[in-house]
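Visitor: Test case, fold it:
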Amino acid sequence: SDFRCVPELACCQCCIDAHFSEATNCCIPNGTAPSRCAVDLDCQAGELCNALFECTPDTSCGGESPVTATRVQPNMLILLDQSGSMDWCLDNNNACACGTELAPTDRWCVAKSAINAVVAAHQATASGQGDVRFGLATYSADIAGSIMNHVAVGVDTGTAIRAALDGQSPGGGTPTAPALRDIEGDLAGYGLPSPADPQAAQRSNFILLVTDGQANSDVSWCYGTGNNSGDEPVCPLDDGLTCDGNNAYTARVNCAVDRLATNDATRTFVVGLSFQTFSDALNCNAVYGQTPRQDNCGGPPAVTATTCTTYENPNDSDGVRTVQDDACYYPANDQAALIAAFDNIAGQVTSCDYALGTVADATRLYVYLITPGTDGVYGTADDVRTRLDRDGTNGWTYDSITGRATVLGTSCDAVMAGSARPLYVEGCPVIGG
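Guide: Numbers count the residues shown, from 1 in each chain. Below is the predicted model:
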């Protein structure tokens, strides 16, 4: 009636509200989802078209469908500097009053408020909600047992963390390396991970170091090597490697975080609170902790005291080193910046990791992204099922040793946003794939 030329279709004319089947040259019933099908040929290799016109794994070989999947949140221990300078104002080295929860003024209370905020926003719960399993340790003094107080990593720890922070006040030096070695010596006690955790093998583990000063005290030259009063900038590792630093205390911290990352799969984020100028020491600490803020900060052992001192972000080659542009650690000079740094880090460690039930044959494992159809409800015939590519940028991976599957890229973004859910299914092997 509008005098336009249109193709002549042999079967069903134009598919307006339905997906088109190239295999049959006809419209597919019941919806527009790309996983809809009319016959098996509309599906990918290893899939069959079921009675609901959905592409699902071929289970004729006896595979189980579906595979149980439990989301696995990461562990993060917040390691907070409790030294005397944390009683100072944010913008100078004068003592300040604490202020209030909403308007803190000294560094300690700013850190307390920010920690309470990020834990409340992201903490994992016993019901499986939330993004991160948090714990807390504070450190100070000049003694071997430098951990002053701690709450083991776990679920629903917000109340215990708040109480632990309220029960402490700043004082003493900054023995960062001994504190890290204390944690390394009792990872299970700090919950990194806990042996009682049924998903311990699948969880990622992190330390979030928050400090307002460079390490300035230690009681031994290096973990397990006895006392040494020298000022050499190199601390020997158990494996014969060395960690560089711009002074002995920095080197000891570098050694500790490097060993935690390398030997214990526990990486360390570094946040510098109220550093008005660039901290070469924290720069090194962040790089050796294997979580630098800048993608191109490099990594040990290539990073040395010299390169930590002269580093400038190649994306900002203006010849001027500034904290905001060039720091490998996370700088924060006020409460809002500290909360933003914490939220940034929490977002980085949050992942779409799942502990899978029994998988008889990993080659027969399929992952689908399920989104609600037009009815907006999960679990109905209107659901949209999209098969994800294995090892793809936006697909999924599976570690058969730990039993952990991970959804990646934009697919994970959709899961984290609550707009999609992963479905793990075991079917027949994909021929040739």
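Visitor: contacting residues around the spatially most central residue of the chain?
Guide: Nearest residue to the geometric centre of the chain (C-alpha atoms, centre = their mean): V349, 0.9 Å. Under the criterion of C-beta atoms under 8 Å, 6 or more residues apart in numbering, the contact partners of V349 comprise P74, M76, V132, S204, F206. For every residue, glycine as well, the C-beta is placed using N, CA and C.
Visitor: Now render those as CSV, adding neighbour count and pLDDT.
Guide: Below are these laid out as CSV (neighbours: other C-beta atoms under 10 Å; pLDDT from 0 to 100):
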residue, neighbour count, pLDDT
P74, 22, 95
M76, 31, 98
V132, 22, 96
S204, 19, 93
F206, 26, 98
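Visitor: tell me the contacts of Q324?
Guide: Each residue near Q324 by C-beta under 8 Å, 6+ apart is listed here: P331.
Visitor: Now it: which helix or strand?
Guide: Secondary-structure assignment from DSSP states H and E places Q324 in helix 323-326.
Visitor: Could you pull out the helices in the chain for me?
Guide: If DSSP state H is used as the criterion, the helices of the chain fall at 107-122, 158-166, 176-185, 187-190, 248-264, 280-288, 305-310, 323-326, 335-349, 409-416.
Visitor: Of the contacts of V349, which belong to strands?
Guide: Among the contacts of V349, the ones falling in strands (DSSP state E) are M76, F206.
Visitor: from the contacts of V349, which two are the most distant?
Guide: Between all members of those, the longest pairwise span (C-beta to C-beta) is found for V132 and S204 and amounts to 10.0 Å.
Visitor: which residues do the two both contact?
Guide: Overlap of the contact sets of V132 and S204 (by C-beta under 8 Å, 6+ apart) consists of P74, N75, V349.
Visitor: Output those in TSV, with distance to G172 appended to each entry.
Guide: Below are the shared contacts of V132 and S204 laid out as TSV (distance: C-beta to C-beta, whole Å):
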residue	distance to G172
P74	31
N75	27
V349	30
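Visitor: OK, contacts around V118?
Guide: With contacts taken as C-beta under 8 Å, 6+ apart, V118 has the following neighbours: I339, F342, D343, A346.
Visitor: pretty sure the last one contacts V132?
Guide: Meaning A346. Yes. In this structure, A346 is within contact of V132 by C-beta atoms under 8 Å, at 5.5 Å.
Visitor: so what sits against both of the two?
Guide: Taking C-beta under 8 Å, 6+ apart as the contact criterion, the residues that touch both A346 and V132 are M76, H122.
Visitor: and T138, what does it touch?
Guide: Listed by C-beta under 8 Å, 6+ apart, the contact partners of T138 are L79, L80, D81, Q82, I147, M148, N149, H150, A164, L165, Q168.
Visitor: Specify the beta-bridge partners of it.
Guide: Residues in a beta bridge with T138, per DSSP bridges, are L80, N149.
Visitor: can you tell me how far it sits from A38?
Guide: Distance check for T138 against A38: by C-beta to C-beta, to the nearest Å, it reads 63 Å.
Visitor: now swap in T268 and tell me
Guide: On the measure of C-beta to C-beta, T268 and A38 end up 54 Å apart.
Visitor: Could you check which of those two has the larger neighbour count?
Guide: The neighbour comparison of T268 against A38 (other C-beta atoms under 10 Å) goes to T268, with 24 against 20.
Visitor: And the more buried one, what's its pLDDT?
Guide: What the model reports as pLDDT for T268 is 97.
Visitor: Am I right that T277 is in contact with A327?
Guide: No. With contact defined as C-beta under 8 Å, T277 does not reach A327; the gap is 10.5 Å.
Visitor: Neighbour count: those two, which is higher?
Guide: Neighbours per residue (other C-beta under 10 Å) separate T277 from A327, with A327 holding more: 25 against 8.
Visitor: which residues does that one contact?
Guide: Contacts here follow C-beta under 8 Å, 6+ apart; on that basis A327 touches G272, F278, S279, L282, N283, A286, R293, Q294.
Visitor: Show me where the stretch 251-400 of the chain dips below the pLDDT cut-off.
Guide: 295-296, 298-321 (pLDDT under 70).
Visitor: 50 instead?
Guide: Under the criterion of pLDDT under 50, the regions of the stretch 251-400 of the chain flagged as low confidence span 301, 305.
Visitor: thinking again about what came up before, can you point out the buried residues in the helix holding Q324?
Guide: V323, D326 (16 or more other C-beta atoms under 10 Å).
Visitor: what separates that helix from the chain centre, distance-wise?
Guide: Taking the mean of its C-alpha atoms, helix 323-326 sits 22 Å from the chain's own mean (C-alpha atoms, centre = their mean, to the nearest Å).
Visitor: Repeat that for stretch 386-395.
Guide: Between the centre of stretch 386-395 and the centre of its chain there are 20 Å (C-alpha atoms, centre = their mean).
Visitor: neighbouring contacts of it?
Guide: Contacts with stretch 386-395, where a contact means C-beta under 8 Å, 6+ apart, come from 33-35, 44, 47, 55, 366-369, 371, 396-398, 407-411, 422.
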